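S.K.: okay, here's the prediction I keep looking at, along with the sequence it came from:
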Amino acid sequence: MGRKLTLDDSAIRDFWQEHPCGETLVDASPGDLEAMRSFFDEYDHYRYRTESHILAELDGLRLTGLDVLEIGLGQGADSEQIARRGARYSGVDLTAEAVRRTSARFNMKGLPYQQIVQGSVLELPFDDDSFDVVYSHGVLHHVPDIRQGSAEIARVLRPGGRLEVMVYAKHSLNYLVAISAVRRLGLAAVYLTGRPRNELERAHVENARSVGLWNYLQMKNFVHRNTDGPHNPFSRVYTPSALAEDFPEFTLVSTRKHFLHAPPLRMPGVHSGGWLGWHLWATMRVSGQRER
């Protein structure tokens, strides 16, 4: 809507355009249409086997007959599931690649949708009071100016509308142990010995050399390099109170945690997460509005 991208916006857009969320999790490659169909099938199987709670969460959102906007599309897996649950689906993503893939998914499967467009949560390309529900999984913790994003989400929601969101959890095994202790100590050892064992470690060592090891190991710098890859430009972690602070237009209704994920720690067969889960789900309603 005429808004120029800031440096943060452009860096985040370029990172996710080059590294579409989830693409490296499966062996298939999204090439031509037939290859893309195979990729979607393999990706969806992996996603909902690894994070089986997502489908149960979507079932509990009661989306049938509602106008739903998804912010951040990834490979369009949840997008398809939302549409299959009877929602009137719209989607928006910062990158052209996510829009292309999600549109292709809907078209090849004959699924109905309202709009799938490129745009920023900081200036959503939709009218006021357009949606009953906004859904966003693993996206809003990558938005530096989240207060502006919160205001925009509240603007496009109808009175009593819901925001259903998943963000990274600060009170988690991944943040408190794996990132804060194990990976920082491991990187310091690799840096000091000068012997990275793989491309991932080499990228972290290069990052540390560019800003200095001590600066790189500060959690304000280290956390986003250890969520979605060493080149990820921004991430934050949340507690319920931090959610309430960053989304002032909303009332926090409920939270729950899933996904016990803390590499390099190995926990084979454990997915539920409990109170140490890495994924913090929250339901919020626009403040001061009657429920629908």
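M.R.: Noted; the coordinates are in hand.

S.K.: can you pull out the low-pLDDT segments for the chain?
M.R.: 1-10, 12-17, 19-33, 268-273, 288-292 (pLDDT under 70).

S.K.: run the last query once more with 90
M.R.: 1-39, 50, 228-229, 261, 265-275, 287-292 (pLDDT under 90).

S.K.: which parts of it are helices?
M.R.: Counting by DSSP state H, the chain has helices at residues 7-18, 33-50, 53-60, 77-84, 96-109, 146-156, 173, 184-193, 199-211, 213-217, 219-222, 240-246.

S.K.: tell me which of those helices sits most buried.
M.R.: Per residue and on average, the most neighbours among the helices of the chain fall to helix 77-84, with a mean of 22 (mean count of other C-beta atoms under 10 Å). For every residue, glycine as well, the C-beta is placed using N, CA and C.

S.K.: I'd like the distance from that helix to the chain centre, please.
M.R.: 15 Å (C-alpha atoms, centre = their mean, to the nearest Å).

S.K.: circling back to that earlier point, residue 230: which of the helices of the chain is closest?
M.R.: With C-beta to C-beta as the criterion, residue 230 lies closest to helix 199-211 of those, at 4.0 Å.

S.K.: now that closest one against helix 184-193, angle please.
M.R.: 70 degrees (axes from the mean of the first three to the mean of the last three C-alpha atoms, to 10 degrees).

S.K.: which residues outside helix 199-211 are in contact with it?
M.R.: 187, 190-191, 194, 196, 216-217, 221, 225, 229-231 (C-beta atoms under 8 Å, 6 or more residues apart in numbering).

S.K.: picking up where we left off before, in CSV: the helices of the chain, plus distance to residue 165.
M.R.: Formatted as CSV, those follow (distance: least, C-beta to C-beta, whole Å):
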stretch, distance to residue 165
helix 7-18, 17
helix 33-50, 18
helix 53-60, 11
helix 77-84, 12
helix 96-109, 18
helix 146-156, 9
helix 173, 21
helix 184-193, 28
helix 199-211, 28
helix 213-217, 29
helix 219-222, 22
helix 240-246, 8
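
S.K.: can you tell which of those is closest to residue 128?
M.R.: Using C-beta to C-beta, the helices of the chain put helix 146-156 closest to residue 128, at 5.5 Å.

S.K.: for the chain, longest strand please?
M.R.: Longest strand in the chain by number of residues (criterion: DSSP state E): strand 157-168.

S.K.: which residues touch that one?
M.R.: 61, 129-138, 140-141, 153, 174-175, 227, 235-238, 243, 247, 250, 253, 278-286, 289-292.

S.K.: mind redoing it with 6 Å?
M.R.: 61, 129, 131-138, 140-141, 153, 237-238, 250, 279-286, 289-292 (C-beta atoms under 6 Å, 6 or more residues apart in numbering).

S.K.: list the buried residues for that strand?
M.R.: 157-158, 161-168 (16 or more other C-beta atoms under 10 Å).

S.K.: next, find the distance separating the one residue sitting closest to the centre of the chain from residue 198.
M.R.: Centroid-nearest residue in the chain, with C-alpha atoms, centre = their mean: residue 138, separated by 1.8 Å. The gap separating residue 138 from residue 198 is 25 Å, by C-beta to C-beta, to the nearest Å.
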